[in-house]
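J.: The sequence and its predicted three-dimensional model are supplied below.
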Amino acid sequence: MDLTKQISGHNYNALLWHALFLALAKNFMDVDTIIPAMVVDAGGTSVHIGFLAAIMLGGSRLSQLFFAPFINNQPAKKGYLLCGINTRIGALACLAFLFFSSSWITGNTLIALTFLFISIFSISGGFANISYTDILGKSIVPESRKSFLSIKQVIVSVGLFTSAYFASRTLTVYVYPNNYASLFVIATVMLAIASAGFWRLKEVTLAKKERYKYRNFIGIIVHEIRTNKQLMYYLLVTNTQGVSLALMPFLILYAKNVLNATGSDIGNYLIFKVIGGVFVGMFLFYYSRKVKYQRLLYSTSVLAFGIPLLVLIFPGHLFLNLSFLAGGIVFTLYTITASGVLLEVSTNENRALYTGIVGAGSVLPVVFPLVGSQVIDQYGFSLFFITFMVIISLSFYFIFKLDCKA
């Protein structure tokens with residue numbers, strides 16, 4: 001099937017349907033606020049938060065290295081996309097059941113099972129993302145991609161803002177563990193509705209080519225990085241700037257342990273994070289054709305550097321709210337630019353491969369939470385925040401070397 005403007009328009013709407021209901025689901029399973037707070041309330045420590053952040057960031061990315069050669073060789077990837085999202089739906093349903101049943105499950109067992117289902121949720125997300133990125137690149141005409149990413153972010157932001165209120169209310173109206181169980185029930189239903197968008201996709205398939213095999217996959221990765229300088233610098237950007245995605249779970253730990261944050265406080269942090277996403281999503285929607293990816297990358301690093309600096313200088317709930325506001329902006333900017341630049345440095349033939357390379361090659365964002373949790377445990381939050389700022393500082397050079405045309 002060839003990609004026509006009519007098919008592109010159909011897929012455009014189907015993908016936006018998925019984006020909307022995924023956004024409505026996301027706040028009820030938010031990996032930056034809800035899930036870390038849930039782990040702390042279940043008895044988790046800084047070490048648990050470190051492992052949690054590593055699983056959420058690394059589980060999906062490292063799994064992409066394993067799945068990428070297989071999926072890349074398949075001419076049609078829609079079935080694998082549906083398999084991944086349905087597995088995520090099942091994992092969320094299991095989390096809901098787990099917390100409804102937590103009155104007769106011991107603390108260590110509860111945390112272990114929570115980590116198990118979150119791992120399944122994360123790995124299946126990585127599996128689905130390879131197919132999603134490949135299908136996205138082939139399903140929408142190139143001149144509509146930036147428009148799609150921008151309007152998608154507006155829809156996502158509005159959906160997030162709408163669900164943020166109900167998620168925060170659920171946290172305060174119900175007591176532990178029913179509050180978290182209720183959140184995951186709603187997330188399961190919304191994600192199931194979101195999957196309908198993928199069922200409606202009209203996939204553009206290419207001829208099957210057995211190009212990538214596991215025994216020579218590492219050699220292929222090294223070859224691609226050596227021959228494609230854009231890919232190399234993109235990897236360096238995602239390794240340094242990418243640690244910003246691991247910061248907010250530790251801010252939740254800081255709020256819980258240092259500021260004694262309540263469920264109401266966590267709900268406020270979530271709302272401020274969403275407001276930041278809505279703001280930058282609207283901005284990029286109106287100015288998507290004028291703003292270059294490189295400027296967005298610089299802006300992301302500046303804001304990411306400023307978040308822990310703000311917490312260090314002005315500790316307290318008021319400025320922590322502002323930190324989550326900036327965190328929402330950083331998360332949204334990174335999401336848009338990382339997806340957009342990956343589409344720029346890859347082609348229809350190697351996009352699934354490059355998704356796997358980037359996922360597996362983003363090592364530092366996975367290692368940082370594990371090391372960071374030990375730093376917090378041994379030396380406190382101040383050294384952790386300083387270490388974070390040093391890593392973010394390195395990203396400025398790699399952004400400079402990454403020559404983005406769009």
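T.: Yep, that arrived.

J.: mind listing the helices for the stretch 201-350 of the chain?
T.: Per DSSP state H, counting those that start in this stretch, the stretch 201-350 of the chain carries helices over the ranges 217-227, 229-240, 247-257, 263-287, 293-313, 317-345.

J.: just the ones you listed: most buried one?
T.: helix 247-257 (a mean of 24; mean count of other Cβ atoms under 10 Å). Using the backbone N, CA and C atoms, a C-beta is placed for each residue, glycine as well.

J.: Could you export that helix as CSV, keeping only the C-alpha atoms?
T.: Extracted in CSV, the C-alpha atoms of helix 247-257 (Å, rounded to 0.1, in the frame of the first residue of the first chain):
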residue,chain,number,x,y,z
LEU,A,247,14.5,13.8,38.0
MET,A,248,10.9,14.1,39.0
PRO,A,249,10.6,10.7,40.8
PHE,A,250,13.4,11.9,43.1
LEU,A,251,11.6,15.2,43.6
ILE,A,252,8.7,13.2,44.8
LEU,A,253,11.0,11.3,47.2
TYR,A,254,12.4,14.7,48.4
ALA,A,255,8.9,16.0,48.9
LYS,A,256,7.8,12.9,50.9
ASN,A,257,10.9,12.6,53.0
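
J.: Outside of it itself, which residues are in contact with it?
T.: If you take Cβ atoms under 8 Å, 6 or more residues apart in numbering as the criterion, helix 247-257 is touched by 31-33, 35-37, 40, 46, 49, 52-53, 56, 261, 265-266, 269, 273, 304, 307-308, 311, 317, 320, 323-324, 327, 331, 369, 372-373, 376, 381, 384, 388.

J.: Would you mark the buried spots in stretch 113-126?
T.: 113-115, 117-126 (16 or more other Cβ atoms under 10 Å).

J.: Stretch 134-141 now?
T.: Residues 134, 135, 136, 137, 138, 139, 140 are the ones in stretch 134-141 that count as buried (16+ other Cβ under 10 Å).

J.: From residue 190, how far out is the last one?
T.: Which is residue 140. Using Cβ to Cβ, to the nearest Å, residue 140 is found at 24 Å from residue 190.

J.: Also residue 227?
T.: 42 Å.

J.: what does residue 169 give?
T.: Separation of residue 169 from residue 190 (Cβ to Cβ): 16 Å.

J.: neighbour count winner among the two?
T.: Neighbour count, other Cβ atoms under 10 Å: between residue 169 and residue 190, residue 190 has more, with 23 against 13.

J.: So that one sits against residue 19, correct?
T.: No. The pair residue 190 and residue 19 fails to qualify as a contact (Cβ atoms under 8 Å) at a distance of 12.0 Å.

J.: just checking, what packs against the top helix by length along the chain?
T.: In the chain, with assignment by DSSP state H, the single longest helix is helix 107-139. Counting contacts by 3 or more Cβ pairs under 8 Å, 6 or more residues apart in numbering; DSSP states H and E, helix 107-139 packs against helix 5-26, helix 34-41, helix 46-54, helix 60-72, helix 78-100, helix 317-345, helix 351-361.

J.: can you do 6 Å?
T.: helix 60-72, helix 78-100, helix 351-361 (3 or more Cβ pairs under 6 Å, 6 or more residues apart in numbering; DSSP states H and E).

J.: Apart from its neighbours in sequence, what residue is nearest residue 48?
T.: residue 39 (5.6 Å; Cβ to Cβ, 6 or more residues apart in numbering).

J.: Return the distance of that neighbour relative to residue 321.
T.: Residue 39 is 22 Å from residue 321, by Cβ to Cβ.

J.: Likewise for residue 70?
T.: 44 Å.

J.: Repeat that for residue 294.
T.: Going from residue 294 to residue 321 by Cβ to Cβ gives 30 Å.

J.: cool, and residue 306?
T.: Per Cβ to Cβ, residue 306 is found 15 Å from residue 321.

J.: what's the nearest residue to residue 169 if we skip its chain neighbours?
T.: residue 267 (7.3 Å).

J.: Can you give me the pLDDT of that neighbour?
T.: pLDDT recorded at residue 267 is 83.

J.: wait, it sits on residue 166?
T.: No. Using Cβ atoms under 6 Å, residue 267 is not in contact with residue 166, being 10.0 Å away.

J.: For residue 107, grab the count of nearby residues.
T.: Using other Cβ under 10 Å, the number of residues around residue 107 comes to 11.

J.: Test my guess that residue 296 contacts residue 333.
T.: Yes. The pair residue 296 / residue 333 is scored as a contact, 5.5 Å apart, by Cβ under 6 Å.

J.: what mean pLDDT does whichever helix or strand comes after the longest helix of the chain have?
T.: Next along the chain after helix 107-139, taking DSSP states H and E as the criterion, comes helix 145-173. Taken as a whole, helix 145-173 has an average pLDDT of 76.

J.: and helix 145-173, what other elements does it pack with?
T.: Using 3+ Cβ pairs under 6 Å, 6+ apart, helix 145-173 sits against helix 5-26, helix 178-194, helix 263-287, helix 317-345.

J.: One more pass at 10 Å, please.
T.: helix 5-26, helix 34-41, helix 107-139, helix 178-194, helix 263-287, helix 317-345 (3 or more Cβ pairs under 10 Å, 6 or more residues apart in numbering; DSSP states H and E).

J.: For residue 311, see how far away residue 258 is.
T.: Applying Cβ to Cβ, the value for residue 258 to residue 311 is 10 Å.

J.: Correction: the previous question concerned residue 246.
T.: Relative to residue 311, residue 246 is positioned 15 Å away (Cβ to Cβ).

J.: what's the answer for residue 20, then?
T.: The gap separating residue 20 from residue 311 is 33 Å, by Cβ to Cβ.

J.: now residue 279
T.: In terms of Cβ to Cβ, residue 279 sits 20 Å off from residue 311.

J.: Repeat that for residue 124.
T.: 33 Å.

J.: Can you give the contact residues for stretch 105-117?
T.: 35, 38-39, 42-45, 48, 51-52, 55, 90-99, 101-102, 177, 180, 184 (Cβ atoms under 10 Å, 6 or more residues apart in numbering).

J.: go again using 6 Å as the cut-off
T.: If you take Cβ atoms under 6 Å, 6 or more residues apart in numbering as the criterion, stretch 105-117 is touched by 42, 43, 91, 94, 95, 98, 102.

J.: Thanks again, I'm all set now.
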